[in-house]
Each structure stands twice: as structure tokens, then as C-alpha cells.
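J.: from the sequence below, what's the structure:
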Amino acid sequence: MSVSRDQYNTMMGRDPYSIPLEEYDMNQPEIYQANAQDKYFERLRKEAPVHYCKDSENGPYWSVTRYKDIMEVESNPEIYSSEPTIALADPEEDFDISMFIAMDEPKHGDQRKTVQDIVAPTSLANLEPVIRERIAGILDTLPVNETFNWVDKVSIELTGQMLATLFDFPFEQRRKLTYWSDVATCIPGPGELVETREQGRDILLNECLPAFVELWNQRVNEPPKGDLISMLAHGKETRDMNPMEFMGNLVLLIVGGNDTTRNSLSGGVNFLNENPDQYAKLMADQSLIPKMVPEIIRMQTPLSLMRRTATRDTVLGGQNIKKGDKVAIWFISGNRDEEMIDNPYDFIIDRDRPRQHLSFGFGIHRCMGNRLAEMQLRVTWEEILKRFEKVEVVGKPERAYSVLVRGITDLPVQLRPIAK
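T.: Numbers count the residues shown, from 1 in each chain. Okay, here's the model as predicted:
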């Protein structure tokens with residue numbers, strides 16, 4: 001159900017090619033909730049690939065929509081800074097939480113190194129049997145030939161279990177991690193998860209932070225272990241973090257561990273149902289799963305954009321960008337760029353170069369957990385195909401009311417088991 005709010009220059013429901021370019025503002029969640037963004041970005045790529053929006057809810061900003069231009073921004077972090085935030089909205093003065101994805105070098109690299117071993121090849125090899133056991137347990141308890149919400153029963157459950165494992169968080173309380181992730185990324189408003197920014201901030205400060213401070217205090221007095229809290233508590237670059245920086249990195253790791261996998265697990269089911277020829281191709285040749293997984297992630301693009309801030313006057317795509325300007329790099333548009341990707345709107349599970357996408361970003365801020373996300377999706381589909389002839393979508397997907405997170409909140413499905 002769409003949510004109404006006061007808006008700048010509402011574009012939803014208007015022909016993208018009839019709107020004057022100077023009125024374009026892609027910072028409107030209704031567009032993404034309706035899955036209507038493609039034509040708007042198509043026009044921008046053709047006519048204004050580096051586009052200036054002079055007025056939006058979060059102030060003026062540039063939109064970068066072509067693959068090559070996005071790569072140029074990502075390849076020059078000294079010109080396009082990740083500070084003070086990766087969101088279009090500026091940080092609140094009284095709730096400025098720092099996180100290493102919104103830091104520049106050298107601090108970004110120092111903090112990232114502290115936790116990156118959790119997704120090193122050896123760690124991933126140890127995690128794979130755990131993931132397989134978890135997803136098998138989830139799939140074996142699902143109702144057959146009955147309608148249920150795949151997002152809740154599978155996507156959220158699996159990512160919640162994995163987050164609890166990575167943090168060594170109390171397993172029976174794992175749904176709190178999903179809840180806090182959603183609180184951190186949702187747009188407040190009537191009928192939403194939180195109604196005001198203050199309410200969301202209070203939940204993070206009074207529920208999320210104390211729970212993790214308690215875990216920090218336990219781990220810091222124990223020998224170092226392999227979970228994220230222990231890594232942060234004992235890491236040279238992170239052990240002296242103040243509470244707000246600890247909170248920021250927690251939010252980053254929770255959201256990062258939640259959104260890519262969760263929304264791609266749901267998106268994959270939806271894409272296969274929308275493209276029955278590709279579902280048939282998969283059923284005929286399950287060796288295509290490793291190629292299908294990055295194609296799902298490209299098509300879903302779980303995070304639509306990242307913001308950068310210009311550190312100096314510069315030129316991009318022929319446009320003069322001034323020091324201090326906000327620059328939004330739209331991964332969701334770059335992943336549909338006809339100049340770089342053949343038939344970009346088509347879901348093709350056996351593409352020649354399926355990893356040629358921007359969903360994980362590029363450069364120093366490339367998603368740290370990209371291989372873990374791919375592994376979870378691969379193992380999940382391997383286990384699905386052992387059990388079910390089809391995961392059939394039986395109703396219209398409901399999508400998140402968000403510009404940043406391209407998520408599915410409800411996906412009604414029925415399972416068709418393999419005949420024995």
C-alpha cells in the first residue's frame with residue numbers, strides 16, 4: 001500500500017518523457033515502491049547522465065546514472081568523499097553515527113581490515129556447511145501447497161540466523177537484528193515501522209546499542225574470538241571507539257549483512273516467476289546456479305544508490321560539480337545501462353559475464369561481504385531445487401517504501417514439491 005506524504009515535485013504517475021528535466025527528482029520513494037524507476041533513469045542516461053536536481057526533500061544533488069560515470073566516481077575517492085554520510089539526507093546534529101563505509105582513508109581502511117577476516121576464504125569455507133544446514137532446516141519446515149510470505153519465512157529467517165552467527169548474538173533473539181536493520185533504514189511516517197526520526201533514534205539508542213554494549217563488555221574480557229563483536233572489541237583501530245561510532249558500525253554491519261541477501265533471496269524467486277523460460281532453463285540445468293546468483297543481484301540491486309560529496313570543484317560527464325555538492329551514484333541505473341550490459345532489462349541466468357554489475361559498488365568501498373552474499377544465495381537455490389519443482393508466486397509482491405533499499409516486504413508463494 002502506498003504511503004502519502006508531502007513531497008517536492010511529485011513525479012509518480014507522470015510520463016517520464018513529459019516532465020521537464022529541470023523538475024526531475026529521483027529521491028522519491030513512491031517511484032521505487034511502485035517499481036516504476038526504469039523509464040525515469042532511462043531518460044536520464046540518454047539526455048542528462050549527470051543531472052542536477054536543484055530542489056528535493058534533502059536539498060540539491062547530482063544524479064550519476066551511467067555505468068562508466070559511476071565507475072569514475074567510485075575510482076576517485078579523493079575527489080568524491082564518502083564523508084559525512086552515504087545517504088542523501090545529511091546527518092542529524094544530535095544523532096551523527098559514524099561508520100567506516102562513510103569514512104575516507106586511512107580510517108576507513110583501518111576499521112574495515114579489523115572485521116574483514118570474517119569473510120575471508122577460510123571463514124567462508126567454514127560457514128558453508130552451517131548455511132546449508134540452516135537453509136535445509138528452514139525449507140523442511142515450510143508448508144506445502146499453502147500460501148505464505150516467502151520474505152518472512154525464508155529471506156528474513158535465513159539472514160537473521162546468519163547475522164546471529166556472525167555477531168554471536170543470542171540465537172533466539174535474532175529477529176531483533178532484522179528489526180533494528182529495518183528501523184535504521186526505513187523512512188518514518190504514519191503507518192511505517194516508526195512514525196518519526198526521533199522514535200527510530202530512540203529504538204537504536206535504547207534497545208540496539210545497550211544490547212551490543214553488553215556483548216562488547218563480555219567479549220572484551222575474553223580472549224579474542226572469530227565473531228564481529230569480538231573483532232571490534234579487540235581490534236587496534238576499533239577498541240577505543242566511542243558509543244556513537246560503535247553504533248554506526250553496528251548499523252552498517254547489520255544492514256550490510258541483511259539487505260543484500262534478504263532482498264536478493266526474495267527477488268530471485270520473483271524474477272524466475274516473471275521469466276518462466278529462465279525457470280525452465282534452471283530446472284533443466286542446475287549447474288547454472290553460480291551464474292544465476294550474480295544476475296539476481298544485478299537485477300535486484302538491493303541498495304539503489306550511494307551518496308558521495310565533492311571535495312573540490314571538478315568536471316564529470318561535462319558538468320561542473322562544485323566543492324561540497326552531493327553526488328548520488330545510482331547503482332540501480334548503472335545496472336540497466338545499455339552501453340555496458342546487453343539486454344539489461346532481461347533476466348538471463350546464463351549471461352557470459354554475470355558479475356559485470358554495480359550492486360556491490362566498486363573500489364575501496366566495494367561490499368566486504370559480497371562473496372558471503374553470493375554463497376548464501378547459491379546454497380539456498382541448491383537446496384530449493386532438491387525439494388521443489390517450483391516456488392510459485394501467487395500474488396503481487398509488495399515493495400519497500402524506500403529510495404535507498406530496494407526491498408520486497410511481502411511475496412506470497414506456494415511450494416510445489418518434486419514428485420517422488
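
J.: now the element after the top helix by length along the chain, going C-ward?
T.: Across the chain, the longest stretch assigned as helix under DSSP state H is helix 243-274. Proceeding N to C from helix 243-274, the next assigned helix or strand is helix 276-284, under DSSP states H and E.

J.: tell me which stretches of the stretch 251-400 of the chain form strands.
T.: Remark: strands assigned in the stretch 251-400 of the chain by DSSP state E, counting those that start in this stretch are 305-310, 314-316, 319-321, 326-330, 388-393, 398-399.

J.: over to Pro188. Which of the three states is it?
T.: Using DSSP: H, G, I helix; E, B strand; the rest coil, the structure places Pro188 in coil.

J.: same check on the one 5 residues further on?
T.: When classified by three-state DSSP, Leu193 comes out as coil.

J.: one step back: tell me what angle the longest helix of the chain forms with helix 276-284.
T.: Here helix 243-274 runs at an angle of 100 degrees relative to helix 276-284 (axes from the mean of the first three to the mean of the last three C-alpha atoms, to 10 degrees).

J.: for helix 243-274, buried residues please.
T.: Neighbour-count burial for helix 243-274 flags 245-273 (criterion: 16 or more other C-beta atoms under 10 Å). Every residue, glycine included, has its C-beta placed from N, CA and C.

J.: now stretch 47-62: mean pLDDT?
T.: Per-region confidence: stretch 47-62 scores 96 on mean pLDDT.

J.: apologies, that question was intended for stretch 27-34.
T.: Averaged over stretch 27-34, pLDDT sits at 95.

J.: equivalent analysis for stretch 213-229, please.
T.: For stretch 213-229, the mean pLDDT works out to 92.

J.: and it, what's buried?
T.: Buried residues in stretch 213-229 (16+ other C-beta under 10 Å): Leu215, Trp216, Arg219, Asp227, Leu228, Ile229.

J.: what's the answer for stretch 163-176, then?
T.: Using 16+ other C-beta under 10 Å as the test for burial, stretch 163-176 gives Leu163, Ala164, Thr165, Leu166, Phe167, Asp168, Phe169, Arg174, Lys176.

J.: can you check stretch 407-420 too?
T.: For stretch 407-420, by 16+ other C-beta under 10 Å, it's Gly407, Ile408, Thr409, Leu411, Pro412, Val413, Gln414, Leu415.

J.: quick one: Ser333 from Val64, how far?
T.: From Ser333 across to Val64, the span is 8 Å (C-beta to C-beta, to the nearest Å).

J.: what is the worst-scoring helix or strand of the chain on mean pLDDT packed up against?
T.: Of all helical and strand segments in the chain, the minimum by mean pLDDT, DSSP states H and E falls on helix 107-115, at a mean of 79. Packing partners of helix 107-115 (3 or more C-beta pairs under 8 Å, 6 or more residues apart in numbering; DSSP states H and E): helix 228-234.
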